[in-house]
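**Q** fold the following.
(2 chains)
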Protein chains: 2
Amino acid sequence: MNITEIEAAAVRAHGHIRRTPLLCSPILDAMAGRHVLVKAECLQHTGSFKARGGWSALSAMPEDLRAKGVLAFSSGNHAQGVARAAAAHDAPAVILMPSDAPAIKVANTRALGAEVVLFDRATDDRDAIGAALAAERGLTLVKPFDNPHVIAGQGTCGLEIAEQAADFGVSQADVLVCCGGGGLTSGIALALEARAPGLRARPVEPEGFDDAARSMVSGQKEYNPALTGSICDAIITPAPGDMTLPIMSKLCGPGLTVTDDQALQAVALAFTYLKLVLEPGGAVALAAALFHPEAFEGDAVIAVATGGNVDAEMFKTALTRFGGNDE
Amino acid sequence: MNITEIEAAAVRAHGHIRRTPLLCSPILDAMAGRHVLVKAECLQHTGSFKARGGWSALSAMPEDLRAKGVLAFSSGNHAQGVARAAAAHDAPAVILMPSDAPAIKVANTRALGAEVVLFDRATDDRDAIGAALAAERGLTLVKPFDNPHVIAGQGTCGLEIAEQAADFGVSQADVLVCCGGGGLTSGIALALEARAPGLRARPVEPEGFDDAARSMVSGQKEYNPALTGSICDAIITPAPGDMTLPIMSKLCGPGLTVTDDQALQAVALAFTYLKLVLEPGGAVALAAALFHPEAFEGDAVIAVATGGNVDAEMFKTALTRFGGNDE
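**A** Coordinates of the predicted model:
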């Protein structure tokens, strides 16, 4: 994997993927003690950066294979990214979702034109169902992060960060990335290595689910003890990917963690000072920038706000608990 | 007033004012029955388009006058726009605010470096206090809309809309603008006349506070019967301006109105589908695009989302009442 594949993904994405803004607020700067630049990927199509990887994967497929369709396992943002890209390429998309997935996510994925197949987490074998569907219909599986085209697509976000940081006069800084399987973190790291070597990607994870940080330390895949128990569900994965971990180990700075409460407070602060809607998992990088100032050097830090697909109840909870300076 | 002054304002604003994105969502398109493009001015510095007019006014002032300072009457967005521009130009700013203004707006204006002078709505004469302060300190009053540099500054938003609509292939459409005194509406109208003559600005106001719409019909200044009673407080003014009304009468299409409930529902829909935080007064244009499809022709409409300075309680109310499809 290198910058050539990311640049090719950027060419394929032109006109189909948004160049999201890099935002800031003097009050957040004061809180963090340095300039905080926020890459607003929640404003991306489908509400998260996953539209980049989905577009990259679909647009790179051979036409005959693509015409048969694609398959994805996802209850969330990856589903919508793949569904949108498939619809635009006139390719059938089948998304396997747990039957207890929130109704709104099922509805959104269907609204993007995908066929949603529900399975029972307790009794069904997701992989077996997927394999049978793929064999029967000739579908191609689009993995959420261990796929070079997906990593290259997420890397296009890093190309934009390199250019936009330069516009702000920032050439030396940590770039904090909300990290699940590591597709976005590793894609951004590859882009920065080539285009802005003074910027360094660092994964941010919820406390207790820091598989990427621990894996980078140990040099091998470390697993999370559980897959539930954090409100940052969008970025909880079993472990970093076989493709993403080596890239992160080589290029990234040490991982960081934040508590669920810090993520929720960052959601409220993004509401008040950036006018952005973030989901908790999409706010952990901003939380690290604001609440762990001791972890950085220099006078600027960049945080990627990866997604905004949060339900109304969770958002109201964030405002009730941490939006009190508005009263 | 013409395009030359708007282009000069754009030159002065370069690097200091954000080029805000033009966003869309397939689900909002389906609701409106046409392509809905949303100009996200809530992402502007200070959370509203008022940063444009404030910057334009301050940057156009003679240096000696500016050094003495500026004065503004405002309890909201104009205060912050002027305060930010003044601070950046090392000019003192005095903002006269009613003593019952929300504490957060007083705090935000002070955080931007302005001196806030409070007056009692019931017993004090705001204009007399302002005149005395101006005389004593040599301050220059920056009016919120009846000022050619302010109108030119707001017009820079129209230059961006002209370019961004062309990127979407949209050359014929109504451009809906949340309208208070008409500074933004008239500035955008002037920019579009010169740069995108197929795009037509139209003011949108809260029901019962449609002074601009009625004034355009009658050909003279019409006043609102009251100045309170709508949640869209940011855009309630006594009447359109002496400078803005002739421009709107000449260039704009008919005005539109929406109910407070429609504005609140648009706030919830912008949360869900655009990941934007809007204040009710900043959402009336989007509400008109979504809930008055019969008022437009053609396959696209552009709505300016003018601001996002909403308190947490109001936002939670919008989500509770209209965010139910997230459950």
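
**Q** tell me where the stretch 151-300 of chain A has strands.
**A** Listed in chain order, the strands found in the stretch 151-300 of chain A under DSSP state E, counting those that start in this stretch are A:173-178, A:199-206, A:256-258, A:300-305.

**Q** export those strands to a markdown table and tack on distance to chain B, mean pLDDT and mean neighbour count?
**A** C-beta here means a position set from N, CA and C on the backbone, and glycine is covered the same way. Below are these laid out as a markdown table (distance: least, CB to the nearest CB, whole Å; pLDDT from 0 to 100; neighbours: other CB atoms under 10 Å in any protein chain shown):
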| stretch | distance to chain B | mean pLDDT | mean neighbour count |
| --- | --- | --- | --- |
| strand A:173-178 | 15 | 98 | 30 |
| strand A:199-206 | 20 | 98 | 27 |
| strand A:256-258 | 21 | 98 | 24 |
| strand A:300-305 | 9 | 98 | 28 |
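
**Q** nearest to B:Met31, of the ones you listed?
**A** strand A:300-305 (26.1 Å; CB to CB).

**Q** so what strands line up beside that closest one?
**A** strand A:35-40 (parallel), strand A:173-178 (parallel) (DSSP bridges).

**Q** quick one: mean pLDDT for the next helix or strand after it?
**A** Going down the chain from strand A:300-305, the next helix or strand is helix A:312-322, by DSSP states H and E. The predicted model gives helix A:312-322 an average pLDDT of 96.

**Q** one more: stretch A:86-103?
**A** Confidence over stretch A:86-103, taken as the mean pLDDT, stands at 92.

**Q** please apply the same query to stretch A:66-80.
**A** Regarding stretch A:66-80, the rounded mean pLDDT is 93.

**Q** tell me the phi and psi of whichever residue of the stretch 101-250 of chain A sits closest to chain B?
**A** Among all residues of the stretch 101-250 of chain A, A:Ile104 sits closest to chain B, at 5.3 Å; criterion: CB to the nearest CB. Its backbone dihedrals place A:Ile104 at phi -70, psi -40, with angles given as degrees, to the nearest 10.

**Q** interface residues of the stretch 201-327 of chain A facing chain B?
**A** The stretch 201-327 of chain A comes close to chain B at residues A:268, A:271-272, A:274-278, A:308, A:311-313, A:315-316, A:319-320, A:323-327, as judged by CB under 8 Å from any CB of the partner chain.

**Q** which among the residues you listed count as buried?
**A** If you count burial by 16 or more other CB atoms under 10 Å in any protein chain shown, the buried members of these come out as A:268, A:271-272, A:274-278, A:308, A:311-312, A:315-316, A:319, A:323, A:326.

**Q** what's the farthest-apart pair in those?
**A** Based on CB to CB, the longest span within these runs between A:Asp311 and A:Asp326 and measures 20.7 Å.

**Q** for A:Pro238, the count of nearby residues, please.
**A** 13 (other CB atoms under 10 Å in any protein chain shown).

**Q** and the one 3 residues further on, by the same measure?
**A** In terms of burial, A:Gly241 registers 24 neighbours under the definition other CB under 10 Å.

**Q** pretty sure it is touching A:Cys179, no?
**A** No: between A:Gly241 and A:Cys179 there is no contact, the gap being 11.0 Å when judged by CB atoms under 8 Å.

**Q** mind listing the helices for the stretch 201-327 of chain A?
**A** Counting by DSSP state H, counting those that start in this stretch, residue ranges of the helices within the stretch 201-327 of chain A are A:211-218, A:244-251, A:260-274, A:284-291, A:312-322.

**Q** can you put these in CSV and add distance to A:Ala91?
**A** What follows is those, written out as CSV (distance: least, CB to CB, whole Å):
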stretch, distance to A:Ala91
helix A:211-218, 31
helix A:244-251, 25
helix A:260-274, 34
helix A:284-291, 32
helix A:312-322, 32
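
**Q** buried deepest among those helices, which one?
**A** Of the helices of the stretch 201-327 of chain A, the one with the most neighbours on average (mean count of other CB atoms under 10 Å in any protein chain shown) is helix A:284-291, at a mean of 29.

**Q** what sits against the one residue in the stretch 1-150 of chain A that gets nearest to chain B?
**A** Of all residues in the stretch 1-150 of chain A, A:Cys42 sits closest to chain B, with a separation of 4.4 Å (CB to the nearest CB). For A:Cys42, the contacting residues are A:Ser48, A:Leu276, A:Val277, A:Leu278, A:Glu279, A:Gly282, A:Ala305, A:Thr306, A:Gly307, A:Gly308, B:Lys275, taking CB atoms under 8 Å, 6 or more residues apart in numbering or on different chains as the criterion.

**Q** and A:His89, backbone torsions?
**A** phi -100, psi 10.

**Q** and what about A:Ile17, helix, strand or coil?
**A** Three-state call for A:Ile17 (DSSP: H, G, I helix; E, B strand; the rest coil): coil.

**Q** what's around it, how many residues?
**A** 24.

**Q** just A:Trp55 next, same as before
**A** Look at A:Trp55: counted by other CB under 10 Å, it has 28 neighbours.

**Q** which element is it on?
**A** Going by DSSP H and E, A:Trp55 is part of helix A:50-60.

**Q** let me see the mean pLDDT of that helix.
**A** On average, helix A:50-60 scores 98.

**Q** if you count neighbours, what's buried in it?
**A** Counting neighbours by 16+ other CB under 10 Å, helix A:50-60 gives A:Lys50, A:Ala51, A:Arg52, A:Gly53, A:Gly54, A:Trp55, A:Ser56, A:Ala57, A:Leu58, A:Ser59, A:Ala60 as buried.

**Q** contacting residues around the third one?
**A** Pointing back at A:Arg52 there. Residues in contact with A:Arg52, defined by CB under 8 Å, 6+ apart, are A:Ala9, A:Ala13, A:Ile17, A:Gln44, A:Gly81, A:Gly153, A:Gln154, A:Thr156, A:Cys157.

**Q** flag the shaky bits of chain A, pLDDT-wise.
**A** Scanning chain A for pLDDT under 70 picks out the ranges A:324-327.

**Q** might one say that A:Leu28 is in contact with A:Leu37?
**A** No: counting by CB under 8 Å, A:Leu28 sits too far from A:Leu37 to count as a contact (9.7 Å).

**Q** contacting residues for A:Ala72?
**A** A:His78, A:Ala79, A:Val82, A:Ala93, A:Val94, A:Ile95, A:Leu96, A:Leu141, A:Val142, A:Pro144.
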